[in-house]
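J.: predicted structure and sequence below. I'll ask about it afterward.
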Amino acid sequence: MRIANDVNYGLTAGFYGAEDEADWFFDHIQAGVTYVNRPQGATTGAWPGFQPFGGWKGSGSSGKNSGGVHYLQLYMHEQVRTRVRKA
């Protein structure tokens, strides 16, 4: 895990292993799209139309994946307004 995370990028990551290792992998890997025991290949990217896509570190700038539940917030602007009325 140290070797995998010791890079400047984190787009996709995956591994093949025992089921009891999956949660540990997900909790410790530094990547935006992750897989365990995926038969199509461990690090081939997200499935378009089914998974959000984005990376961490040098593979992404916001930590929010395109199409994910937090993605829309990137395009929203918060504004706080205070009006003091004259008496």
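T.: Done, it's in.

J.: burial check on Lys64, number of neighbours?
T.: 17 (other CB atoms under 10 Å). Where you see a C-beta, it was placed from the backbone N, CA and C, and this is true even at glycine.

J.: show me what contacts it?
T.: Counting by CB atoms under 8 Å, 6 or more residues apart in numbering, Lys64 touches Gly54, His70, Tyr71, Gln73, Leu74.

J.: give the contact list for the second one.
T.: Applying CB under 8 Å, 6+ apart, one finds that His70 lies in contact with Lys64.

J.: phi and psi next, for it.
T.: In terms of degrees, to the nearest 10, the main-chain angles of His70 are phi -100, psi 0.

J.: confidence score at it?
T.: Here, the pLDDT recorded for His70 equals 74.

J.: repeat that for the first one.
T.: For Gly54, the model assigns a pLDDT of 76.

J.: could you do the fourth one as well?
T.: The predicted local distance difference test score for Gln73 is 78.

J.: surely it is in a helix?
T.: Yes - counting by DSSP: H, G, I helix; E, B strand; the rest coil, Gln73 is found in a helix.

J.: thinking again about what came up before, top of the contacts of Lys64 by neighbour count?
T.: Greatest neighbour count in those, by other CB under 10 Å, goes to Gly54: 23 neighbours.
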